Every structure is written in C-alpha cells, then in structure tokens.
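**Student:** what follows is a predicted protein model with its sequence.
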Amino acid sequence: MGSLIDSILDFKWIVLFYSLIFVLVYVFRKRFEIHLGVFAILKTRFGIRLMSSLGSRYSRLIRFLGYIGIIVGFVAMVAVVGFIFFGLYLVLFVPDSPATISPVIPGVRVPGTTFFIPFWQGIVCIFIVAVVHEFGHGIVAAANRVQVKSTGPFILGPFFGAFVEPDEESLQKKHDIVQYSIYAAGPFFNFMLAFLAFIVFSFVLIPLTPNLFEPVGVSFSDFAPGGPADSAGLEKNKVYGSFNGREIRNVAEFLEFADTLKPGDVVTVGDRSLRVGANPKDSSEPFFGVVGISNRYRNDDSLAFSSYRFVFEIVYFIFILSLGIGTANLLPLGPIDGGRMILLPLQRFFGKERGKMIWGRVSLAFLLIIVFLMTPVLRETLKLLFKLLA
C-alpha cells in the first residue's frame, strides 16, 4: 500500500488537477448534464457567434474545404480500418507485440506503451486539438446554414474534450454531401492543424534550436532492464557527449554512430564501457538497450531554454495528437464522426431501420476489436497494480 501512496504523490499535480475538475463539476452540477454517473457535459453558447460570422463571410471557401474533407475523411477511414486489422493480426500472431491502441493520459506512462506526453503540455495540446476539431464541425455547419445549438466541454472519467451540437432536424434535411462534409470537418481540421504544426516544427523550430542553444550531447530517459546500457551502469538523463572518443553532439550523430556498430562491439561511453548486444528482433542489428534519446544543450536548465522547450514540445505533441485524434474519430464506430459517416450510406442503401441495425453491429464489432487490441495495456496495467498493492 505504501508503494501505491508514493506513486500517487509522484502524480500530485495530476491528482490535484482532476480533483479540482471533479470539485467544479460537483459545485456546478446543476449546469452540467450527467449521464451514467461518469459522463458530464456543459452546454454553452461559447464560440457560436464567431462560427456563424466566419461561416457566413467565407461560406464558399469553407464549403469547398468541407468537400475536400469528405475525400480525406473516407481515405483516412479506410487507412485507420486497415491499421486496426493489422493490429489485430499482430496481437493474434506476433508474441509480445506492443499495443496497437492505447489511451493517452497526460503525465501518465500508460503500461504496455512507449508513448508519453508530459502533463501540462498534454493538457494544453488536447485543449487546442479539441477546440480546432469542434470548431471545424461548427464552421462548416454554419457555412451550410445548419444552426449550431450549443458548444462546450465534456468529461468522461479521466478524459476530457469538447463538443458542438448542430440542429439535427436542420442537418437531416440537408443533402447527403453537406452532411458528410459536416461530419468529416472535425478530423479534416485536425489534419490541417497537424500539417501546420509539422511545417512550424520542421522548418522553424528544428533549424532554430542549434542556433539559439549550443548542443553538447545526448541523454537517455530509461534503459531496458539488463540491457547493455543498464549493465554498464549508464545513468538516466545524464549528458553523454563522447562515444569511443568520438564527439557526439545530438541524436542524429548518435544514430549515425550506432549504425557503424555490430553486436559484440565494445563502446566507451564517457567513463563507462559497454558491449553492444543483438537486437531481439534482428540478431544482426546492434542493441544498446536505451529508451528516450534526447538532444542536450548547454545551460538547458535555464528559464529561457525551459520556456523554448515547452513551446517546442507543444508544437510536436499538437502534430501527434492532431493525427491521432483525427484518425480515431474516423473509426466506423457509434456516434463519433466515422460512425455517422457510414450510417448515412447504410440507411440510403438498406433502408433506415435495417441500415441502423447493420450500423449497430459494425460499431459493436469495432468496439470489441478495439478493447481486444488494448489487451497488452490492460495486462501490463494489472501487473503494475498488483505490484503497487503488494
């Protein structure tokens, strides 16, 4: 039990943040709609006037973007379905394969996955990505003269996001193309945001960093237990700028150096020596057993560098989360965007009632597959809980 308490204290900011959220929901519970005791939504009029104004002023351009979004949306839907079935293949036929799907909780290293997003960066990025997603739905609806009734945040357990509620009666009267464009708008705006973040990250921040700060080496956030780096006694987050006497100033130079090695080679790292292992997946490839390689810079503990790094990570994680949230919303599943996009053609082809029945079965099938794909996460989470409670 003591280990569990220590772990909670390690996440004090996370615990404090969610405690504050739940207190606010309880205090203002009369303004929230609570469903099943875990799903809370707050309906507001925030942003509706802006959506209506822009949708009216630039209606032709926004409608055009909405039509492009339909094509992008269906192509991305096919891609994400293919990814889901590939993940199913890995879980069934590739032992110890990593989780194909995993929840993202800022500040929490979800067991069984390698992706991690720092807490405050995650909160900021999810807020931005969710607002852009819902703004996309709202502005395309406004451009097609579909009234937006309400907007606002929602909370589902430890997850939160935003929503836009169009007038369903008005929406159902519109042409199918208009409905598709509104459903696909959220993911499409996420993809456009990801593209913008990629441009800023690749052509502004990355070239600018070495000009602002002097690179001095690399560090590693973790090591594979019993791996070469771990056995050699390398330290987490320590700056290493020399490998076999060769000056290494950044990750790119480290990877270039690593490509020259083969299993069995001895490498001097600072004042330590390690013997390169063999990659478990390909015995001909070298294996250091390091996780989370990062560039390190002189004075990287200064306020200026910390502020710059925060912006750097915000842009990077906006790119990652925009792609992830955009594609996840295109799954042919229930009431999310992808589910709405396949419900419409099913009802047109099979009739309203039968189409809805088929849609429900497809949604249930994908829900079960997604839960199954999270088996590695659930397994590792249970192991961790048992270890903490022991």
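**Tutor:** Noted; the coordinates are in hand.

**Student:** from here on, just use CA atoms for contacts and neighbour counts.
**Tutor:** Will do.

**Student:** tell me the domain boundaries of the protein?
**Tutor:** 32-208+311-389, 215-298 (automatic domain parsing).

**Student:** identify the residues contacting residue 139.
**Tutor:** For residue 139, the contacting residues are 51, 52, 54, 55, 62, by C-alpha atoms under 8 Å, 6 or more residues apart in numbering.

**Student:** 6 Å - rerun?
**Tutor:** 51, 55 (C-alpha atoms under 6 Å, 6 or more residues apart in numbering).

**Student:** any idea how far it lies from residue 293?
**Tutor:** 41 Å (C-alpha to C-alpha, to the nearest Å).

**Student:** can you list the buried residues in whichever helix in the chain runs longest?
**Tutor:** Criterion DSSP state H: the longest helix present in the chain is helix 59-93. Neighbour counts over helix 59-93 (16 or more other C-alpha atoms under 10 Å) mark 59, 62-63, 65-67, 69-70, 72-74, 76-77, 80-81, 84-85, 87-88, 90-91 as buried.

**Student:** please identify the helix or strand for the residue most central in space within the chain.
**Tutor:** In the chain, the centroid-proximal residue (C-alpha atoms, centre = their mean) is residue 321; its distance is 3.5 Å. Residue 321 belongs to helix 303-328 when assigned by DSSP states H and E.

**Student:** mind giving me the packing neighbours of that helix?
**Tutor:** Here helix 303-328 touches helix 119-143, helix 176-200, going by 3 or more C-alpha pairs under 6 Å, 6 or more residues apart in numbering; DSSP states H and E.

**Student:** redo the ones you listed as CSV? Include mean pLDDT.
**Tutor:** Formatted as CSV, the helices and strands packed on helix 303-328 follow (pLDDT from 0 to 100):
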stretch, mean pLDDT
helix 119-143, 94
helix 176-200, 97
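
**Student:** so the spatially closest residue to residue 153 that is not a sequence neighbour: helix, strand or coil?
**Tutor:** Nearest in space to residue 153, with sequence neighbours left out and distances taken as C-alpha to C-alpha, 6 or more residues apart in numbering, is residue 162 at 4.2 Å. For residue 162, the assignment made with DSSP: H, G, I helix; E, B strand; the rest coil gives strand.

**Student:** residues contacting residue 162?
**Tutor:** 130, 152, 153, 154.

**Student:** for residue 350, same thing?
**Tutor:** Contacts of residue 350 by C-alpha under 6 Å, 6+ apart: none found.

**Student:** backbone phi and psi for it, please?
**Tutor:** phi -100, psi -10 (degrees, to the nearest 10).

**Student:** residue 297 too?
**Tutor:** Phi and psi for residue 297, reported as degrees, to the nearest 10, are phi -130, psi 160.

**Student:** the closest residue to it other than its chain neighbours and residue 200, how far apart?
**Tutor:** Computed as C-alpha to C-alpha, 6+ apart, the closest residue to residue 297 that is not its neighbour in sequence is residue 215, at 4.3 Å. Residue 215 sits 21 Å away from residue 200, taking C-alpha to C-alpha as the criterion.
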